[in-house]
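J.: predicted model and sequence below, questions to follow.
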Amino acid sequence: MPLKVIVSGMGIVSSLGYELDTFWKNLVEGKSGVKQITLFDASSCATRIAAEVPRDFEEFSRTLVKKRASGQMTRVTRMCLVAAKQAVSLSGLDFEKEDKTRCSVIMGVVNTGNSSVEKDTSLQNTVFKSMTNSMPAWISLEYQLQGPNFSINTACASSAYAISMGMQMIRNGIADIVIAGGADSIINPEEINGFNALYALSVANDTPEAASRPFTSKRDGFVIGEGAGVVILESEEHAIKRNATIYGELAGSALTSEGYNIMAPMKDGEGMSATMEKAIKDAGIEKDDVDYINAHGTSTELNDRYETLAIKRVFGEKAYQIPVSSSKSMIGHTIGAAGAIESIITLLSLRNSILTPTINYTDPDPDLDLDYVPNTSRPKEIEVALSNSFGFGGHNATLVFRKYHGKV
Amino acid sequence: MAKITENTRNEVRETVFSFFAEECETDKSQINDNTSIIKDLDGDSLMFLELIEIFKKKYNLDIELKTIGKYAVKHPVETIGQLIEMQLLIIEHENRLLELDK
């Protein structure tokens, strides 16, 4: 029997707040973090909206990140370190009491955000700002951790992969504690023009807060978000031993590759459904146990169609009874950070018995007929929830979270 | 070869103290010659390079980094006082720094 893996800490930086309580309150209220881009002059871009982290984050980060180190990090790397420090603080961990060779850091990192938007890049900090291993490196430096420390890039599934790998390491006895998550920002002219050339982004510039509208007939592409999400994973045994608060169980996961297309998901969501099937099996649960799905739900034509088809293929008629919502309707698509941020939302939904909504759900797509938790949050006791992440290149991940009731 | 005057010595000292106080967010009064750069100030090796660049510009020095690197391997710097002395030697001897070991 594999070790049970639990979550004992969470930290978040997002357009809807950089403290867990504020973030959750805004989500439950169905607020949108999407606004006109302020990080650079986007007037020449087809897309001029994004879900930016509030400007006062920089001031907040100075309370947690030393000036010297901060100067060697990009804004995104600072987000990652701040989220990690918040997660560690919430977990109550004192690494001086831990075997640091058994404490690991795994971050999903697509890029470090060292773009033309990044400020104060000098020749001497260019390399540090660009190193894609910098996020886990800074976290391990902060606590002098000596276990495996690395980053994973699987596009939009990166941080879900990081969490899944963290779970595997604990299950296999390689680590006692894994700090897992990710951070990302692609709010810069190079990325936005690139994604616009692929017709992947919403161009609803006049109505930013209503631009991300997953599962509706008016969806016209995803809205870029930015931020960081970090969780503390531990074996149940280890957490109980140190009397930690347990926020939920990571019961299982699945990582798959579609081998199909660099951009488009496999037809009819075949790869997505295979991933959910494997994750359910890995968690040792029945399909009937699943009470909620935090969808990848990007607000693109293909993802939302195929993810809906995939859920129907996995659950059959029961699919209509499972609430499915997209956090990206509120915080945009945070790319490499999405899997971790949405895992945290899923954990909070389990813990607080509230499902966060899919906002901007005003024009249903007749082909997409599941319960998308439209527009307002919903009180609901749930025991088991899935969190889906699917990335360009055919990288798929599904994480299975379960409410924690104490050791049985 | 530049002559190290009392004025140069004071300038270097002031620059080093100010640099570490600013970068490490420490009060200058907390720094002395025996302060450990790593243990006490949480500094890093890159700071040494940044200071060299500052002094290269200030004193128009002809010094290659590899020369400093070779010298530093034999004369490791751990404290603020050792760093000031090394910077003064660099200013005084520039690319002839290694001749000091002969």
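T.: Cool, the structure landed. Residues are numbered from 1 along each chain as shown, chains lettered A, B, ... in the order given.
J.: mind checking the SS state of the residue nearest the centre of chain B?
T.: The geometric centre of chain B, computed from its C-alpha atoms, lies nearest to B:Q87 (C-alpha atoms, centre = their mean), at 3.5 Å. Following DSSP: H, G, I helix; E, B strand; the rest coil, B:Q87 is assigned to helix.
J.: from what I see, it and B:L51 are in contact.
T.: Yes: with contact defined as C-beta atoms under 8 Å, B:Q87 reaches B:L51; the gap is 6.5 Å. Just so you know, the C-beta spots here come from the backbone N, C-alpha and C atoms, and that holds for glycine as well.
J.: list residues touching both of these two?
T.: B:V16 (C-beta atoms under 8 Å, 6 or more residues apart in numbering or on different chains).
J.: from memory A:V34 sits against A:R48, does it?
T.: No: the pair A:V34 / A:R48 is not scored as a contact, 11.1 Å apart, by C-beta under 8 Å.
J.: the two - which one has more neighbours?
T.: A:V34 (29 against 16; other C-beta atoms under 10 Å in any protein chain shown).
J.: what sits against the more buried one?
T.: Going by C-beta under 8 Å, 6+ apart, the list of residues near A:V34 reads A:15, A:49-51, A:208-209, A:211-212, A:223, A:225, A:332.
J.: run a quick neighbour tally on A:E234.
T.: 28.
J.: that one sits in which helix or strand?
T.: In the assignment (DSSP states H and E), A:E234 maps to strand A:226-235.
J.: centre of the chain to that strand, how far?
T.: 9 Å (C-alpha atoms, centre = their mean, to the nearest Å).
J.: quick one on the thing from earlier: highest neighbour count among the contacts of A:V34?
T.: A:S212 (35 neighbours).
J.: quick check: the residue of the stretch 101-250 of chain A found nearest chain B vs B:F48, distance?
T.: Closest residue of the stretch 101-250 of chain A to chain B, C-beta to the nearest C-beta: A:Q124 (6.4 Å). Counting by C-beta to C-beta, to the nearest Å, the separation of A:Q124 from B:F48 is 12 Å.
J.: more neighbours: which of the two?
T.: Neighbour count, other C-beta under 10 Å: between A:Q124 and B:F48, B:F48 has more, with 16 against 13.
J.: next structured bit after the helix or strand encompassing that one?
T.: B:F48 belongs to helix B:45-59 when assigned by DSSP H and E. Later in the chain than helix B:45-59, the nearest helix or strand by DSSP H and E is helix B:65-74.
J.: and the angle for the top helix by length along chain B with helix B:45-59?
T.: Taking DSSP state H as the assignment, the helix of chain B that covers the most residues is helix B:6-23. Angle, helix B:6-23 to helix B:45-59, by axes from the mean of the first three to the mean of the last three C-alpha atoms, to 10 degrees: 140 degrees.
J.: show me where pLDDT drops low in chain B?
T.: For chain B, the stretches with pLDDT under 70 are B:1.
J.: just to revisit the earlier point, list the contacts for the residue nearest to the centre of chain B?
T.: Shown in contact with B:Q87 (C-beta under 8 Å, 6+ apart): B:12, B:16, B:51-52, B:55.
J.: mind listing the strands for chain A?
T.: Assigned by DSSP state E, the strands in chain A fall at A:5-13, A:35-36, A:49-50, A:103-108, A:149-152, A:177-185, A:226-235, A:248-257, A:292-294, A:324-325, A:354-355, A:378-379, A:384-391, A:395-402.
J.: closest one to A:E58 among those?
T.: strand A:5-13 (11.1 Å; C-beta to C-beta).
J.: could I have the CA atoms of that closest one written out in PDB?
T.: Taking Å, rounded to 0.1, in the frame of the first residue of the first chain, the C-alpha atoms of strand A:5-13 are listed here in PDB:
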ATOM      1  CA  VAL A   5       0.200  11.900   0.400                       C
ATOM      2  CA  ILE A   6      -1.400  15.000   2.000                       C
ATOM      3  CA  VAL A   7      -1.200  18.700   1.500                       C
ATOM      4  CA  SER A   8      -0.100  20.700   4.600                       C
ATOM      5  CA  GLY A   9       0.500  24.100   3.100                       C
ATOM      6  CA  MET A  10      -0.600  26.400   0.200                       C
ATOM      7  CA  GLY A  11       0.600  29.700  -1.100                       C
ATOM      8  CA  ILE A  12      -0.700  31.800  -3.900                       C
ATOM      9  CA  VAL A  13       0.000  34.900  -6.000                       C
END
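J.: that one pairs with which strands?
T.: Here strand A:5-13 is paired, per DSSP bridges, with strand A:226-235 (antiparallel), strand A:248-257 (antiparallel).
J.: which positions in chain B make contact with chain A?
T.: For chain B, the residues in contact with chain A (C-beta under 8 Å from any C-beta of the partner chain) are B:23-25, B:42-44, B:46-47, B:49-50.
J.: out of those residues, which two sit at the greatest distance?
T.: Top of the distance list for these (C-beta to C-beta): B:E25 and B:L49, 19.9 Å.
J.: tell me the contacts of the nearest residue to B:E50 once chain neighbours are set aside?
T.: Leaving aside its sequence neighbours, B:E50 sits nearest to A:Q124 (C-beta to C-beta, 6 or more residues apart in numbering or on different chains; 6.5 Å). Contact analysis of A:Q124 by C-beta under 8 Å, 6+ apart lists B:46, B:49-50.
J.: A:Q124 and B:D42, how far apart?
T.: 18 Å.
J.: pull the contacting residues for A:L347.
T.: With C-beta under 8 Å, 6+ apart, A:L347 has these contacts: A:7, A:10, A:231, A:247-248, A:401.
J.: any idea what A:F150 is bridged to?
T.: A:I106.
J.: burial count for it?
T.: 16.
J.: that one contacts A:M135, correct?
T.: No: A:F150 lies out of contact with A:M135 (C-beta under 8 Å); the separation is 10.2 Å.
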